[in-house]
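Q: dropping the sequence and predicted coords here.
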Protein chains: 2
Amino acid sequence: MAEVIKVGLLGLGTVGGGTVNVTQRNAAEIARRTGKSIQVVTAAVRDVTADRICDTDSLDLTEDALSVVNNPEIDIIVELMGGTDLAFDLVMHAIENGKHVVTANKALIALRGNNIVKAAEEANVMVAFEAAVAGGISIIKALREGFSGNQIRLIAGIINGTGNYILTAMGDEHRDFSDVLAEAQALGYAEADPSFDVDGIDAAHKLTIMASLSFGMPLCFDRVFTQGIRDISLTDIQMADEFGYRIKHMGIARRTDAGVELRVHPTLVAKEHLLANVNGVMNAVYVDADAAGPSLLYGAGAGAEPTASSIVADLVDVARRMDSSVAYVPTLGFQADQVEDLVIVASAAFKSAYFLRMEVTDQPGVLADISSIFANLEVSIEAVTQKEPPRGADTASISLITQLTDEAKVITAISKLESLSQVAGAVHLIRVEQF
Amino acid sequence: MAEVIKVGLLGLGTVGGGTVNVTQRNAAEIARRTGKSIQVVTAAVRDVTADRICDTDSLDLTEDALSVVNNPEIDIIVELMGGTDLAFDLVMHAIENGKHVVTANKALIALRGNNIVKAAEEANVMVAFEAAVAGGISIIKALREGFSGNQIRLIAGIINGTGNYILTAMGDEHRDFSDVLAEAQALGYAEADPSFDVDGIDAAHKLTIMASLSFGMPLCFDRVFTQGIRDISLTDIQMADEFGYRIKHMGIARRTDAGVELRVHPTLVAKEHLLANVNGVMNAVYVDADAAGPSLLYGAGAGAEPTASSIVADLVDVARRMDSSVAYVPTLGFQADQVEDLVIVASAAFKSAYFLRMEVTDQPGVLADISSIFANLEVSIEAVTQKEPPRGADTASISLITQLTDEAKVITAISKLESLSQVAGAVHLIRVEQF
């Protein structure tokens, strides 16, 4: 009879239900891999009478989350409530009670992870969060363990399925952002309040976690430069396509001589790059490391079962290691006393190529005026396209791509462009990255 | 002062030199991640006077491999000699001496791994072989740990860089197999005797290992259906292209109701699939698992530094866990007493779609005769193309793709086709897979 590891869930919605289903369906496989039987025995829920996607016959359901965290029979707490206040209190309480913690809560780790990691270290328990980044992809394990012999130089991820679904559909079906967003909301791919996804906050949470694991730095969500995709128009996507690029919403963490760049923004990626071919709700993380070279991990970014796959992988990890009082993989990949503050590079110091689009009154000489602004700033233009105004319109659209340059110069160029009398309205900027 | 973990290498060629370079260059990063200092202190070589790609000042070089394995100061042996006889004896000797073993030797694990795993279990030491499959990609860790909550249904890998380089160059540059092979040999991508790579033996070694980890079965290299790429012609690649496919040399392990299919063969993959876009010497492994869904891991398949990346990841894993007397990840992903024999499906029972190409004398009615053979066997044709004979030639080329069917039926169809008077020579078969 295999030893039983007892698991208590905080939350039994989509991911919690998926976790119960996977542990029950694959119980034999998990026991064969682990040498132990991993059983979800209790779950704290908001309403014990609500409908569930899983069988709850073998579970004690309770509306008292604290009773789960305090239950002496429970070995591992799986936190799936979301939020950063009550979830934080309960996780800290579980750690104080000597319980290991598995969580899918990216906001919790990104915003309050430093305290949680410290508490876990002191209590000698494990805190695992594979499910917090990129759903079913084992990117946390890859960064903490697979790349452990490397200096990681770059992480570039498509790590928000909703945003990628919207951008993919806009490009494939020639539709506008708001139109596709409404459809995504109707299909349940996007929340009623979509700002977490489309404004890049969710991606910034995930990037924060990956950057900490990659570079051995504290979690610093508030230092991430974050830009959403609401301003991406169908015209941008079509012009990018003509230049040979697709637009992806990416989280990028790059180690440079100046420190670390942490940024979430729409990004032009060359069509032939694997990242440009990650479509719909799929996620992918591109890693460039000094020994391994370029790598890509691709998979489902969300959903009950893929997220449960990562939660159960964490449960197996904890179960395999919990008899050991020493030497497990450190929570942030680096030993607790080796996590170092690093300089976060300001956005004005980013280096990139830039796609700029502007509306111009169709006067002779406008292209010359625009070109001279860039020339005076010593910014080279890689390609430029002027679209004739549609019948009846009085402005034409000019799109251009710069060569690699300093963001500060481009910001200056934009302010000079916007002061030209022939340029109507704001100049639209999207970064171009070559990975 | 961090604890020092002392490593002895068996072999100091490309991969050994790369391992020394990576452990030295990234010593600080590795110590920050591990809490220990991992140092290569000795290496057994064939000729101590030979040139090396690494600095050997801090290493004891010896031509006596047994002295390394017997050295009581050494904690971990890294076996990089290749071969399955002397390497096996030395690895078994190291295990008996209580040393942990890391190896990049896929043949050793695929052919003699069952004995090694058993010995390691009895001696309570770790045997790790991340570098044996797909170079810098952490596929072993993903299968043993990342997918541990899943029933893995399918592994489909481009796991031989030489073969993929040749097929990519044939397609991109419209060149013949022998021409590209000669160039690959000149560039050092292919060995003087290329059979390990182009006949699929190397891929079968790697598939054997992945299948064991995925399904919890013993290593059974001699049960892998193995076909090479020598027979792939430029015409095949061009006809496949017209049908919307690329040809890749793949290793496929699939769990079916009948058992496990283990096969290495050229495979048509739809152009829009990520696997079809893995080019040159790059490797990728596609995994379909019941909870995680479809995933892809992509990266460098060979080379000193990517392979060293995986070796050092194993060294870090061992170093992180070696203080613990219990509960590390089992060598084959499943607990030793849970590894089960599974039925290996015979190739006649494979189900697939099939690309067939044949030369025909250009007589009226030939297409009708061919079609009726398939119709009588109840095999549906998805697409067919007849190419007019080039000026002066007296045969035309007919290519077709069947729908999904039993391999046994296709074998019967081929023998009937070859007995038609209008069909000249052998019918050429390549499997078509949809992942």
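A: Sure, I can see it. Remember, it's a predicted structure, so these values are computed and weren't measured experimentally.

Q: just say helix, strand or coil for the residue in the stretch 51-200 of chain A that chain B sits nearest to.
A: Residue nearest to chain B within the stretch 51-200 of chain A: residue A:149 (2.7 Å; C-beta to the nearest C-beta). For every residue, glycine as well, the C-beta is placed using N, CA and C. Put simply, residue A:149 is coil when judged by DSSP: H, G, I helix; E, B strand; the rest coil.

Q: what is the neighbour count of it?
A: Counted with other C-beta atoms under 10 Å in any protein chain shown, the neighbours of residue A:149 add up to 30.

Q: same question for residue A:2.
A: Residues near residue A:2, counting by other C-beta under 10 Å: 13.

Q: repeat for residue A:434
A: By the criterion of other C-beta under 10 Å, residue A:434 has 10 neighbours.

Q: try residue A:18
A: If you count neighbours by other C-beta under 10 Å, residue A:18 ends up with 24.

Q: for residue A:378, give me its contacts.
A: residue A:409 (C-beta atoms under 8 Å, 6 or more residues apart in numbering or on different chains).

Q: how close does it get to residue A:419?
A: 19 Å (C-beta to C-beta, to the nearest Å).

Q: please apply the same query to residue A:373.
A: Shown here: residue A:373 relative to residue A:419, a distance of 10 Å by C-beta to C-beta.

Q: the more surrounded of those two?
A: residue A:373 (17 against 9).

Q: which residue sits closest to the residue of the stretch 51-200 of chain A closest to chain B, ignoring its sequence neighbours?
A: residue B:312 (2.7 Å; C-beta to C-beta, 6 or more residues apart in numbering or on different chains).

Q: per-residue pLDDT, that neighbour?
A: Residue B:312 is assigned a predicted lDDT (pLDDT) of 98.

Q: ok, it touching residue B:38?
A: Yes. Counting by C-beta atoms under 8 Å, residue B:38 is a contact partner of residue B:312 at 7.4 Å.

Q: overlap of the contact sets of the two?
A: Taking C-beta under 8 Å, 6+ apart as the criterion, residue B:312 and residue B:38 both touch B:23, B:30.

Q: those two: which has the busier surroundings?
A: With neighbours defined as other C-beta under 10 Å, residue B:312 and residue B:38 compare such that residue B:312 has more, 31 against 25.

Q: are we agreed that the more buried one is in a helix?
A: Yes. Counting by three-state DSSP, residue B:312 is found in a helix.

Q: let me see the contact set for it.
A: Going by C-beta under 8 Å, 6+ apart, residue B:312 touches A:148-150, A:291, B:19, B:22-23, B:26, B:30, B:38.

Q: so which of those are in helices?
A: B:19, B:22-23, B:30 (DSSP state H).

Q: where's the residue in chain A sticking out farthest from the centre, which helix or strand?
A: The C-alpha centroid of chain A is most remote from residue A:364, which lies 45.2 Å away (C-alpha atoms, centre = their mean). Secondary structure assignment for residue A:364, by DSSP states H and E: no helix or strand.

Q: and the pLDDT for it?
A: 80.

Q: how about the one 3 residues further on?
A: We have a pLDDT of 91 for residue A:367.

Q: is it in a helix, a strand, or coil?
A: helix.

Q: so who does the closest residue to it other than its chain neighbours touch?
A: Spatial nearest neighbour of residue A:367, chain neighbours left out: residue A:386 (6.6 Å); criterion: C-beta to C-beta, 6+ apart. Counting by C-beta under 8 Å, 6+ apart, residue A:386 touches A:367, A:396-398.

Q: for ChimeraX, what selects the buried ones among those residues?
A: Per 16 or more other C-beta atoms under 10 Å in any protein chain shown, the buried members of the contacts of residue A:386 correspond to this ChimeraX selection:
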select /A:396,397,398
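
Q: could you look up the SS state of the residue nearest to residue A:367?
A: strand.

Q: give the bridge partners for it, please.
A: For residue A:386, the beta-bridge assignment (DSSP bridges) gives partners residue A:398.

Q: packing partners for whichever strand or helix holds residue A:170?
A: Residue A:170 is located in helix A:161-173, with elements delineated by DSSP H and E. Counting contacts by 3 or more C-beta pairs under 8 Å, 6 or more residues apart in numbering or on different chains; DSSP states H and E, helix A:161-173 packs against helix A:177-187, helix A:195-198, helix A:234-243, strand A:245-256, strand A:282-289.

Q: mind redoing it with 7 Å?
A: helix A:177-187, helix A:195-198, helix A:234-243, strand A:245-256 (3 or more C-beta pairs under 7 Å, 6 or more residues apart in numbering or on different chains; DSSP states H and E).

Q: buried stuff in it?
A: For helix A:161-173, by 16+ other C-beta under 10 Å, it's A:161-171.

Q: remind me which residues of chain A are low pLDDT?
A: Scanning chain A with the threshold set as pLDDT under 70 gives A:1, A:324-328.

Q: so what does residue A:76 look like in phi/psi?
A: Main-chain torsions, residue A:76, degrees, to the nearest 10: phi -130, psi 130.

Q: same question, residue A:96
A: Phi and psi for residue A:96, reported as degrees, to the nearest 10, are phi -60, psi -30.

Q: what sits against it?
A: Listed by C-beta atoms under 7 Å, 6 or more residues apart in numbering or on different chains, the contact set of residue A:96 reads residue A:123.

Q: how close does it sit to residue A:123?
A: 7 Å.

Q: tell me the domain ranges of chain A?
A: Structural domains annotated on chain A: A:3-136+A:304-338, A:139-300, A:349-432, as defined by automatic domain parsing.

Q: distance from the chain centre to the longest one, please.
A: Yep, that's domain A:3-136+A:304-338 we're talking about. Domain A:3-136+A:304-338 sits 20 Å away from the centroid of its parent chain (C-alpha atoms, centre = their mean, to the nearest Å).

Q: compute the first-to-last residue distance for it.
A: The first and last residues of domain A:3-136+A:304-338 sit 35 Å apart, counting by C-alpha to C-alpha, to the nearest Å.
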